[in-house]
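>>> Build me a model from this:
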Amino acid sequence: MADCWNTDTGEAVYRSRDAVKNLKVKVRIERVTSTAALSQHLQQEKLNFLIPPEFIMLKLCLCSAYKPHPLILISFYLWFQYEMELFQSEGACQTPLDRQYHTEVKALNRAKGRRNHRIFTYTDHDRYTNCLPFHQLVCFVESYITIPTFLAERMASVRHRRQDRRTMDSSIPKSKIINWEPTEEFVKNSHVVNNAMQTMHIMADLGSPGRLGQKENECLLVTIRSDCSGTVVIKPDFNKGKEPYRIVTEGEKREVWRLTVENVSAPMKTEEKDREQNMYKDLYVRHKEYLNSLVGHDFEMPPVGILRYLMNGDIVSAKGFEYDNLYIHFFMELPNNWSSLPFQSLSGVTQTCRTKTLGKENVAFFSFPFSFEAFYMCEKESEESIPQWPVLYFKVLSLDSWQRYRTEGYGYLLFPAIPGKHILTCHTWRPLQKGTVSALRRFFIGGSPELEDPSYVRIPGTFKGDRLSRFGFCTETTGSVTFNLHCIQQAR
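Numbers count the residues shown, from 1 in each chain. Got it, this is the predicted structure:
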């Protein structure tokens, strides 16, 4: 078991609507030695504590220390042996908080004394966390140890330029955009939105049983931060059934300790959960009524008997075509009883896009947006015929180095009859002229057969017969084009 450790010591962020006072964490440390591994009699100490938000500001918390005897509630944070000795004297008090600690230490001495021996806490208002560099409180928590390479050691001595250089107009520099360790002055100057967080450090005294209370044996176990918005940051994260964390002390002995962090918060009762759900439901209803009052009743509606069709879409990608540097020319065709606004554009051309190899396909990503709005009105109100939907015809072309274009394929897209989101892939083909001369012309000078009427890929609008014959017309299957459409239909 000592060979299996949890090396993921990063912090975890939790967001909860519940009050922070209901958080209860169980911290357990146990020393690992050869004798203990054989006898399974490991020295251990457990801690269970909850932090009410009104006490965080005063650096007070409700702590409950798990011992072999029954549960003990302590109305202040857990004391370190050094603090017990320091605050016994009133002359060591410098701040009102220190004098409050002095009163609590005197009351604790009059009672049964200090209940905890190894585990204690620091808060962000203590003199130790404010005055001393925090790395002095941290003992080595083993994780993945990276050894610098020869190149990294050489580059460490190179003088880095443009460090912390500010422009005259206080604009953001192009280099070093992200500051991973911002100072308080940097946050103020950059106007960064940062909620004030209250911090508690759970510490441990990892000294030998006869040398407890020495500051060099202090070790950081867990850091918990919380703010008023319900965000709780804990480092390291709860074990959640995984292996314990490994802590190695400094010095000659290099003792190894196991650290286990568990969330033992009591689950919410069914009555409280239902009450909370009803409260949020009422809040959402009131907010919805407030938004409706802002919108009003003057929502734009089409005239009676007219269907309004809106489509916001984009040409996502094209793949499977023979040549590179693709672009797409498209236009909309409106059937009978359909109309559009006078300023509505019914055609468009995408940008030229180079292909990218994905697997075995060459894909050109356009992400070209377009919008369309049309109106449908029946000539006769008693007519029950299904309306014909507009059609989008498109042609895929390619450019060579001499800016000559080739026709790569024709296709069409029938507008969806169902509103919502649609992802459609349309396959294309191009006219084919048999013979070697046509292939050479297409390769060298870019000439290729084209359709005189692009609507021939479907049923031409000028066709009035019963049967459309394409016998003798040669085509070649090419690639496909993907569309992403968002359709809205409005009528009354």
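>>> now Ser367, what's its secondary structure?
Judged by DSSP: H, G, I helix; E, B strand; the rest coil, the three-state class of Ser367 is strand.
>>> likewise Glu104?
The local conformation at Glu104, judged by three-state DSSP, is helix.
>>> Could you report the distance from it to Asp98?
Distance of Glu104 to Asp98, given as CB to CB, to the nearest Å: 11 Å. Yep, even glycine has a C-beta here, placed from its N, CA and C like the rest.
>>> do Glu276 as well
40 Å.
>>> Give me the more crowded residue out of the two.
Comparing Glu276 with Asp98 by other CB atoms under 10 Å, the one with more neighbours is Asp98, at 16 against 13.
>>> and the gap between the more buried one and Met301?
With CB to CB as the criterion, Asp98 and Met301 are 70 Å apart.
>>> List the strands paired with the helix or strand containing Thr260, with their directions.
Using DSSP states H and E, Thr260 sits within strand 256-263. Strand 256-263 has the following strand partners under DSSP bridges: strand 25-32 (antiparallel), strand 245-248 (antiparallel).
>>> Give me the contacts around the last one.
Which is strand 245-248. Counting contacts by CB atoms under 8 Å, 6 or more residues apart in numbering, the residues outside strand 245-248 that touch it are 5-7, 9, 29, 139-142, 206, 219, 221, 236, 239, 254-261.
>>> now it: how far from the chain's centre is it?
Distance of strand 245-248 from its chain centroid, counting by CA atoms, centre = their mean, to the nearest Å, is 30 Å.
>>> going forward, begin numbering at 9 instead of 1
In the new count, where the first residue is 9, that last one comes out as strand 253-256.
>>> Please state the mean pLDDT value computed over that strand.
Strand 253-256 shows a mean pLDDT of 85.
>>> mind listing what's buried in that strand?
For strand 253-256, the buried set under the neighbour-count rule, 16 or more other CB atoms under 10 Å, comprises 253-256.
>>> What of the longest one?
With burial defined by 16+ other CB under 10 Å, the residues of strand 33-40 counted as buried are 33-37, 39-40.
>>> now do stretch 439-447
Buried residues in stretch 439-447, defined by neighbour count with 16+ other CB under 10 Å: Pro439.
>>> How about stretch 402-419?
Judged by neighbour count using 16+ other CB under 10 Å, the buried positions of stretch 402-419 are 402-407, 413-419.
>>> Select, from these, the two members most distant in space.
Farthest-apart pair in the buried residues of stretch 402-419 is Leu407 and Gly419; separation 19.0 Å (CB to CB).
>>> Quick check, Val230 in contact with Arg36.
No: counting by CB atoms under 8 Å, Arg36 is not a contact partner of Val230; they are 11.0 Å apart.
>>> which residues do those two both contact?
Val269.
>>> ok, Asn286 - how many residues close by?
Burial of Asn286 is recorded as 10 neighbouring residues (other CB under 10 Å).
>>> In a strand, it, correct?
No: per three-state DSSP, Asn286 lies outside any strand segment and is helix.
>>> what's the pLDDT at it?
We have a pLDDT of 91 for Asn286.
>>> ok, and what's touching stretch 338-349?
Contacts with stretch 338-349, where a contact means CB under 8 Å, 6+ apart, come from 323, 354-358, 378, 380-387, 395-403, 462-463, 469.
>>> quick one: which of the buried residues of strand 33-40 is nearest to Cys482?
Among the buried residues of strand 33-40, and counting by CB to CB, the member closest to Cys482 is Val33, at 74.9 Å.
>>> quick one: low-confidence parts of the stretch 9-158 of the chain?
The stretch 9-158 of the chain contains residues with pLDDT under 70 at 9-11, 41-100, 102, 105, 109, 116-125, 132-155.
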